[in-house]
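> structure, please.
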Amino acid sequence: MVYSQMKESYNAYVPRDRLAALAEGKELPSHTSGSVLFADISGFTQLTEAFEAYLGARNGGEELARVLNQVYAMLIGEVDRTRGSVIGFAGDAITCWFDRDDGSRAVAAALAMQKGMSQFSAVPSPAGGTLGLGLKAAVSTGSVRRFVVGDGAFQLVDIIAGDPVYRVAVVEHYAQRGEVLIDSQTREILGSRATLSEERYDEQENMRVYVIESLEASDLGEPWPDIESLDLPRPVVTPWHISAIRDRLATGLGEFFTELRPATAMFVKFEGIDFEEDPAADHKLHTFFSKVQHIVNDYESIVHQLTIGDKGSFLYAAFGAPVSHEDDTRRALAVALKLQELADTLDFLAPLKIGIGRGTTRTGAYGGPGRRTYGVLGDQVNLAARLMGKAQAGEILVSDEAATEGQKAFKLQVLDPIRVKGKTHPITVHRLEGVADDARHLGHSSYNIPIVGRQAELERLDDLSQKVVQGFGQAVSIVSEVGLGKTRLIEEAIQNASDKGFRLFHGECQTFGANTSYTPWWRVWREYFGLRGNEPLKETEALLETRLKQIDENLAARLPLLGPVLNFSIPDNQLTSTFDAKVRRASLESLLVECLRSEAEQQPLLIVLENVHAIDAISRDLLRTLIQAIARLPILILIARRPSSATEILSPSEVDLDYTHELTLGELSNAEAAELIKLKSKQLFDPQIVLPEKLISSISNRTGKNPFFIEEVMNWIHHEQINVESDQALDSVELPVSLYSLVLSRMDQLDENARITMKVASVIGRVFRAALIWGAYPELGGEPKILSALDTLTESDFTEKEKDNLELAYLFKHVVMHEVAYESLPKELRSKLHESIGLVVEASFPQPTRQILDLLAFHFSRSRNLAKQRKYFLLAGDAARLAYADTAAARYYQAALPLLEEFDQVPVLQNLGLVLELSGDWEGATKNYQAALSLSKKLNRKMNEANCYLRIGDMLRKKGSFDEARPWLKQAQESFEALSDENGIGQVLHSAGTLAAQTGDYDKARKLYTRSMEIRRRLGDESNVASLLSNTGIIVRYQGDLNQALILQEESLSIRRGLKDAWAIGNSLNNLGMAKRYKGDLAGARNDLEEALKILQKVGDRSEIANTLNSLAEVALDQKDTDACENFLLESLKLTREIGNLRAIAFLFEAFASNAALRQRPVRCLKLFGAAQALRETIGAPLPAADQTRIEKTIDLALVSLRDGNPFGIIEEGSALPLAKALDFATSYEN
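Numbers count the residues shown, from 1 in each chain. Got it, this is the predicted structure:
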């Protein structure tokens, strides 16, 4: 459930004593006596500034509101306990009435409030440290008047007025944080029961006030009963609610009162009514306030507050909450002028003093369980109140932010900067002097058009698609900010490609996709295989098997690997069950390349991925793999993304490829913007209408010539039924000031059910399943009501149904609509919705796949459920680590660490170090390994300590810091020996043996491998035994003991065949083949390598396949079989080019050169040698010394057969070839 404990209630919006009277069908007396308590929370100004400075206006305001609600719950609880009534709220203060009280109940409540405030004395600040909240409380006693004012069609307001109300304001003025002050009347009544500590004197009012420390206990009476126990008909209570939100209460969805939105605040101070002596005061106030309500309502806004004070009273109206308009500030300015006119017509009122501010506000319900109000809070609201206080009689002061939005329609005079409370520096203010001379009275108020302004980009895409049709793949990245036309341009590109006979595949990254593998590919590959999602698993497997066999019989064995890219689980078979995560990923990518290659032989392909700025690391790697594979395939890849250096798709080595391109979209030109406006006008209005140039210019300038913004503004004009041909009507049009506020305004025109449904859906994602909405938030009313709301959203052009989704699912039509709906929800409410959605997903998937774990981690990460965060950060991190999704794993582990006790942090730090090590972040890995080591020592966890020594030592070995690695590995061995842990000792010996081999100490390496192997045999660890045999076989081959090398490799192969580990079998056959080659058994070597090739092709590890092809080429070269050698090299280069391994390409260029020299093709040999030299220099990979002799022999052989030409010039010619040209030259056999 998403309800908070302060569940909204009809009754909570009425003062408690008024509520009791309504329940009994009685009227409260108009004259009564008792005590007034005024409680003002202090410290919110500093807390507000800190929250907004470090969290931003939206998150800062929301966090502030959360604290505010906690404080109010405590304060109001004390008022209820002592049978008081909260009459009104004023920002961060409350005015309370204790009927027939001699001061005892009010003072007891105030003292209890001060005690309760101790829990808020150290509120954590986002800047670090804490900030304290305090309370100032004042109590006065005497007779007051109680009456009700206002039009019940808008809202009835309970008023308390009289001398005690005036006096309590004076008393509060002298109160300091932590104090409770009372007036002299209360002191006299309480007498000796009150312990006083200090007396203060107000000369102007000739009034003494007293600091009270304690009060003797007395009978405080019965507290109020629970408000839900009062069975009041709704029609009796609803007149006390703000009119615009009665419908919201009727839905039972009070949580949605809490919203973050731009709004304009107006405070109006009025004087002239004598509430103490004038018997007609209540009638006068009712007359004035009702007229104000009507005027404000005419402008579709609301009066939120009416407060009676000692030196004049004030009211507060907000424009933009709870319903926003694009011209809210203009409405506020117009209302301010009308209110001044109203005051002139009421002879009992002095000229008004008005302040207006504009900014982001937190709007919604706040208070305690028994008393709530709807408020609009924020820094600019406070500023509007300060400006009211600074205004002279008849003056309207406007903040700089509000003046900016109203300056075209109103006369605003800038004044000298002034200082106001709550602002560090003087602020600029303006005085509203009237309507501008050229303004008039403010009134109350899929693509069906051609693409505009992207002709150059369209022509470029058309040219590239022509190249694709000719067999030359292209990859295009379309980059722009929101609304500039990425999606629109892609739509045109899709149509163009369709006309040329392309087959389309389309995917999109989701908002939760940054750590969720393959999400943008799910739709692509389901479409490729013709899946709709309703087929039983066996039928799906049969369909996939048939499709794979049509491509290549060998591919069917790798069918289970497709599960992650199809978003469902397929059980492993005998082959894939032996794959570790690294092999699985390599084999899957190879399989998908072959699938695309096969389909591209039938027709050209177009792959579109949108929102790629949100792509996950593994999906990005797959995208790069496909981009590298399409150079000679009729495939066009289009990606759309926002500018972001952090999400570049093409790595530096790939940027040089001549088939990758980037198109950056900017704003439209003036002429293009005008053309789009006219086209949109013809779509929406009478095609014969000629739009005035003034309107065209205004729309163009205000929207920044952003195409999406232009279309939405035109939709808004149409919705508002503005006569675009009328000069007068045009003058009254206040065009939207931002795309955000425009979409928010359109949302506010929806009915409540649709608007709330849209917001809940936004938390699920841009694509959302309908069932998840009613599953996560059943309070919306169940399936029929939600389906109706979804129909409304579709009809209103916010969403559309997902055509290819078997479950009922929808898509936000534009990412901006999704973002605005999501951002309009406050963080607290979003977190509750994320938690609710996470719980539904969790219940639906008792055995979650990695993708589901990512989804659960995403939703719970945005909730406040720390237990679920811990659980799913760790589970998703482990799953990502095992899948070699190192970046995602690191993020999860880093998020989990602050949530864990020290004891649980050690393994997470170790795993974090491991994934950072695998991703090449040596510094980060070292930091986390060291942290794990320190914590292990502190907690006396010897096994973890030993593992840390091993991991640090092994990492230093891999890094090439051999001297640094040795003492760490030694310490690891000693630690494991002290623990008698043979498994750990075996690991250390294995790593130390590899270090010795890397430093050329083959005797030591052999001994260490042998010792490790003895341990592994005792432990029955056949897999590691086989690995150690293979490693030892390579070492003894280096030492020249070829017979022993053969024995060791054959034993390794035998064990691996028994384990049925296909990849490892291929690896052993490769090693055995090379041992036979060095032994001189070239035929045997070739047979083993060819068998290895067949197995590895079945596995699909393209890197290992390429390596085996290289080995076969070397054997063929030894056999002087230059044709076979050339063919092996061509196959290897094709794969290596697709993989993008530039170091391997340099080796292949040299291998091609060696074969060319043997074939007496010296020019080809020297050119390729030059190309290899240039590539090695570019990537910083010089020729290894061990290969220097081989290359020198190749050059010498080429020079012998060179008849004409300068060999150095030929080498230079090869060096000058661009990489793409060098690759073409290498693959051209006839050269």
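> separation between the closest residue to residue 964 other than its chain neighbours and residue 992?
In space, and not counting its chain neighbours, residue 964 is closest to residue 956: 4.8 Å by C-beta to C-beta, 6 or more residues apart in numbering. From N, CA and C alone the C-beta is placed, and that goes for glycine too. Separation of residue 956 from residue 992 (C-beta to C-beta, to the nearest Å): 12 Å.
> the two: which is more packed in?
residue 992 (27 against 21; other C-beta atoms under 10 Å).
> what about that one, which SS state?
helix (DSSP: H, G, I helix; E, B strand; the rest coil).
> so who does it touch?
By C-beta atoms under 8 Å, 6 or more residues apart in numbering, the residues touching residue 992 are 966, 969, 973, 1008.
> pretty sure the third one contacts residue 987?
Spelled out, that is residue 973. No - contact criterion C-beta atoms under 8 Å: residue 973 and residue 987 do not qualify, at 9.5 Å.
> what separation is there between residue 1100 and residue 562?
12 Å.
> what's the burial count for residue 553?
10.
> can you check the one 4 residues further on too?
Counted with other C-beta under 10 Å, the burial measure for residue 557 works out to 19 neighbours.
> now swap in the one 4 residues further on and tell me
Neighbourhood size, residue 561 [other C-beta under 10 Å]: 25.
> a helix runs through it, doesn't it?
Yes - using three-state DSSP, the assignment for residue 561 is a helix.
> i'd like the first residue to be 93 from this point on
Noted, 93 is the first residue going forward, which turns the last one into residue 653.
> look at it and report its pLDDT.
pLDDT recorded at residue 653 is 91.
> name the nearest residue to it, ignoring sequence neighbours.
Nearest to residue 653 is residue 680, by C-beta to C-beta, 6+ apart, at 4.4 Å.
> list the residues that contact that neighbour.
Contacts of residue 680 (C-beta under 8 Å, 6+ apart): 650, 653, 654, 656, 657, 1192.
> can you tell me the element the fifth one falls in?
Just to be clear, that refers to residue 657. Secondary structure assigned from DSSP states H and E places residue 657 in helix 655-658.
> list the buried residues of the helix or strand following that helix.
Counting by DSSP H and E, the element after helix 655-658 in chain order, helix or strand, is helix 673-692. For helix 673-692, a neighbour-count test (16 or more other C-beta atoms under 10 Å) marks 675-689, 691-692 as buried.
> next one: stretch 235-252
Buried residues in stretch 235-252 (16+ other C-beta under 10 Å): 236-243, 246-252.
> report the two of those residues separated the most.
Pairwise distances across the buried residues of stretch 235-252 peak at 24.8 Å for 236 and 246 (criterion: C-beta to C-beta).
> what about residue 1153, distance to residue 1143?
15 Å.
> my bad, should have said residue 407
The value you get for residue 407 to residue 1143, if C-beta to C-beta is used, is 93 Å.
> looking at those two, which is more packed in?
Each of residue 407 and residue 1143 has its neighbours counted (other C-beta under 10 Å); residue 407 has more, 22 against 17.
> need the residues touching each of residue 1192 and residue 654.
In contact with both residue 1192 and residue 654: 680, 683, using C-beta under 8 Å, 6+ apart.
> who has more neighbours out of those two?
Taking neighbours as other C-beta under 10 Å, residue 1192 and residue 654 compare with residue 1192 leading, 29 against 22.
> enumerate every residue touching the residue nearest to that one when sequence neighbours are not counted.
Among residues not flanking residue 1192 along the chain, residue 679 sits closest, at 3.5 Å (C-beta to C-beta, 6+ apart). By C-beta under 8 Å, 6+ apart, residue 679 lies in contact with 650, 653, 668, 671, 1191, 1192, 1193.
> helix, strand or coil for residue 939?
coil.
> so who does residue 466 touch?
105, 333, 334, 337, 349, 396, 414, 455, 456, 457.
> can you redo the residues you listed as TSV with distance to residue 791 and neighbour count?
Formatted as TSV, the contacts of residue 466 follow (distance: C-beta to C-beta, whole Å; neighbours: other C-beta atoms under 10 Å):
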residue	distance to residue 791	neighbour count
105	42	22
333	38	21
334	34	17
337	33	23
349	34	21
396	33	22
414	28	22
455	29	27
456	33	29
457	37	23
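> per-domain residue ranges of the chain.
93-326, 334-537, 559-756, 762-829 (automatic domain parsing).
> ends of the third one, how far apart?
As for domain 559-756, its first-to-last residue distance stands at 21 Å under the measure C-alpha to C-alpha, to the nearest Å.
> quick revisit: isn't the residue nearest to residue 1056 up against residue 1060?
Yes - contact status for residue 1048 versus residue 1060: in contact at 6.4 Å, counting by C-beta under 8 Å.
> I'd like to know which of the contacts of residue 1084 are buried.
The buried subset of the contacts of residue 1084 (16+ other C-beta under 10 Å) comprises 1058, 1061, 1065, 1100.
> so which of the residues you listed are in helices?
The helices, defined by DSSP state H, take in 1058, 1061, 1065, 1100 from those.
> for the stretch 1043-1192 of the chain, what spans make up the helices?
For the stretch 1043-1192 of the chain, the helices defined by DSSP state H, counting those that start in this stretch cover 1054-1070, 1074-1090, 1094-1111, 1114-1130, 1134-1151, 1154-1171, 1174-1191.
> so which of the domains of the chain gets nearest residue 1283?
Of the domains of the chain, the one closest to residue 1283 (C-beta to C-beta) turns out to be domain 559-756, at 23.2 Å.
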